[in-house]
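Asker: test case, fold it:
(2 chains)
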Amino acid sequence: MTSGFKHTLMEIMDGSPNHVASRWVELAITIVVLVNCSAVILDSVPEIHAAYKDFFHELEFWSVMFFTTEYIARVWSLGAKFAASEGGSWKGRRQYILSPFGLVDFFATMPYYMHIFFPYLDLRILRVLRLLRILKLSKYNTALQDLFQAVYSERQAFGSAVFLLTIATVVSASLMHFAEGHEQPEFFGTIPHSIYWAIITITSGYGNVEPVTKAGEAIALITGFLGVCMAAIMTGIVASAFSNQVARKKAAFEAQIREIFSDGVVSEEEKETLKRLQAHYRLSDVQVEAMLQRAQNKTVMKG
Amino acid sequence: MTSIQRMRRRAYEIMDGAVPDKYSHFVEVFVALLVVANVIGIILESVPEIHEAYEAYFHAFDLFSVAVFSVEFVTRVWSYGEKYLHDEDGSEWKGRKEYLFSFYGIIDFISTVPFYLQLILPGADLRVLRMFRLLRIFKLSRYNSAFDDMVAAVKAERDSFSSAVFLLFISCLLFSSLIYIIEGHEQPEIFPSIPAAMHWFVITIVAGWGNVDPVTFVGTILVIFTQILSIALAAILTGVVSTAYTAQVERRQAMYEMEVRAVLADGVVTEEELAKLKIMQAKLGMTDDQVSAIAAQIEEEKKVSESGNS
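Answerer: Down below sits the predicted model:
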């Protein structure tokens, strides 16, 4: 009966709604991750570190044990994902290990063991890798995946915005280098130095260095203004990406409604499907009701 | 129906504003003006010179306001008993309970009652009382849907909001730890610990350049990334809010459309139904153009379906 248990464990780890335990597993992982990140933050304060060093050490040990168990359970149980005919147990495992979540799970846990085997590794790198544990939480945030999807679908617009940003940065940095390079050589002596100033000015509207010449002042003003334009362009792109995504979701939902109404009857099963889709697309009850009414009237028209 | 019951019914209609008539409109305007005058009074009172010169007036005005608001509160509690009285399982206290525990009920209560507390316990801190008085400004939101709209929009898009906040949270943790690890040794007075680096990160994200220049090359790259991230996060939050508002407008239209359909379902439009639609339009803040577009669409559908049936 190992295969049955393996399958159940896979569903639980995957957050399937069929089991109560999957919610508990999710909650436990979330709590351990949050406790861990708070510990890393607090551990960096010298006074706290001096007072609670042993406690943090103990906490780290047990957390690593916890995450190791989680990782092994995931890898082992995902063997049940594909039947032998579909690629065998290692296909599901490979898929998980190489996925972004699998990589995060691995690199957030393994450094502890590396530290045991190679005690002379730089501790700071280990600490950064420990903070990767916060990314484990993104597995449970579906809205975040929506957000990335929205941004990804507008990647061309983003690409051109980044291109504009690059041009604006390079041009204003070079101009500033020529205008103030002699007056303030410590800040504008080389173009790479001025690039840092240009990026600060474009992104925050006010640079880290005050220009001293009239020409420099004019360039700084224009660069600051470009920054406002950049912010507006970025905001516009993201906003339209979001509303496009909402429109896509609504269109998909409406197509489903039409299909359901096409035979004239709405069975209980179809109602369930609609409910599930509504939750999936995150539409409000009023919106769905209005769409349903519209679809109903259209079918009456056709009849 | 006894005369007291009739009076209570009338009081409920006036206070709730569910039926358009000039008395309820008068009560609305009067309460709103009094609230505005109150808020102006509280602001002026905080200027020492004005406070000294007109202390007696302020006191008299506050007495008057508390009297009016107390009458308003008591009338509401008393008359809201009517709300569910004629429903099947309704009782007097159902409507009252709903009011007392609603947002506005709580606001009405805690913006008025502390005054009486002061009479009983004269030693209370005056500044706290003044703070409670400022809550009166929320009474205004009863007459304007903007506040409700905002809350509803945020609620409807809470998933997007929470993911934006989550993103902010993750990037705060990662970036401030990274800058602490990279620059902590070089600038120990600015980045002595991760919490201190988080302070730097929050300032950089919300206000732009955080007044700190990195000294290492990796630190410079990190600061540049943080700066660009601050624009991206602002853009994402703005995008979420603007989508939420657009969706809110659509939701309202859908709500109104359903109401119109319900009214037209029996084929006759009574005076009462027409008045109801008018109130709904005003409450949802829809323009006449939007309304006539919806009406035209429904008419069209009806005509087509009639010709199809015959």
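Asker: next, the buried residues of the helix or strand containing residue A:113.
Answerer: Element membership of residue A:113 [criterion: DSSP states H and E] is helix A:111-117. By neighbour count on 16 or more other Cβ atoms under 10 Å in any protein chain shown, the buried set for helix A:111-117 is A:111, A:112. For the C-beta atoms, the positions are set from N, CA and C on the backbone; glycine is no exception.
Asker: check which helices and strands that helix sits against.
Answerer: helix A:46-77, helix A:123-131 (3 or more Cβ pairs under 8 Å, 6 or more residues apart in numbering or on different chains; DSSP states H and E).
Asker: residues in contact with stretch B:142-158: which ones?
Answerer: A:284, B:28, B:32, B:104, B:138, B:141, B:161, B:240-241, B:243-245, B:247-248, B:251, B:283-285 (Cβ atoms under 8 Å, 6 or more residues apart in numbering or on different chains).
Asker: again but with stretch B:109-118, I slipped
Answerer: Contacts of stretch B:109-118 (Cβ under 8 Å, 6+ apart): B:62, B:66, B:69-70, B:73, B:100, B:124, B:128-129, B:132-133, B:135-136, B:138-139.
Asker: buried members of the residues you listed into ChimeraX, please.
Answerer: Per 16+ other Cβ under 10 Å, the buried members of these correspond to this ChimeraX selection:
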select /B:62,66,69,73,100,133,135,136,138,139
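Asker: now the buried members of the contacts of stretch B:142-158.
Answerer: Buried among the contacts of stretch B:142-158 (16+ other Cβ under 10 Å): A:284, B:138, B:141, B:161, B:240, B:241, B:243, B:244, B:247, B:248, B:251, B:284.
Asker: tell me which element residue B:286 falls in.
Answerer: Using DSSP H and E, residue B:286 is not contained in any helix or strand.
Asker: could you verify my assumption that it touches residue B:253?
Answerer: Yes: using Cβ atoms under 8 Å, residue B:286 is in contact with residue B:253, at 7.3 Å.
Asker: is stretch B:247-257 up against chain A anywhere?
Answerer: Yes: Stretch B:247-257 lies within reach of chain A by Cβ under 8 Å from any Cβ of the partner chain, at B:247, B:250, B:251, B:253, B:254, B:255, B:257.
Asker: ok, so of these, who is nearest chain A?
Answerer: residue B:254 (3.5 Å; Cβ to the nearest Cβ).
Asker: now the residue in the stretch 101-250 of chain A that chain B sits nearest to: how far from residue A:256?
Answerer: Nearest residue of the stretch 101-250 of chain A to chain B, counting by Cβ to the nearest Cβ: residue A:204, 2.3 Å away. Look at residue A:204 and residue A:256: by Cβ to Cβ, to the nearest Å, they are 46 Å apart.
Asker: separation between residue B:129 and residue A:288?
Answerer: Between residue B:129 and residue A:288 the distance is 47 Å, computed by Cβ to Cβ.
Asker: next, give phi and psi for residue B:102.
Answerer: phi -80, psi 170 (degrees, to the nearest 10).
Asker: sorry, slip of the keys, the one I care about is residue B:113.
Answerer: phi -60, psi -40.
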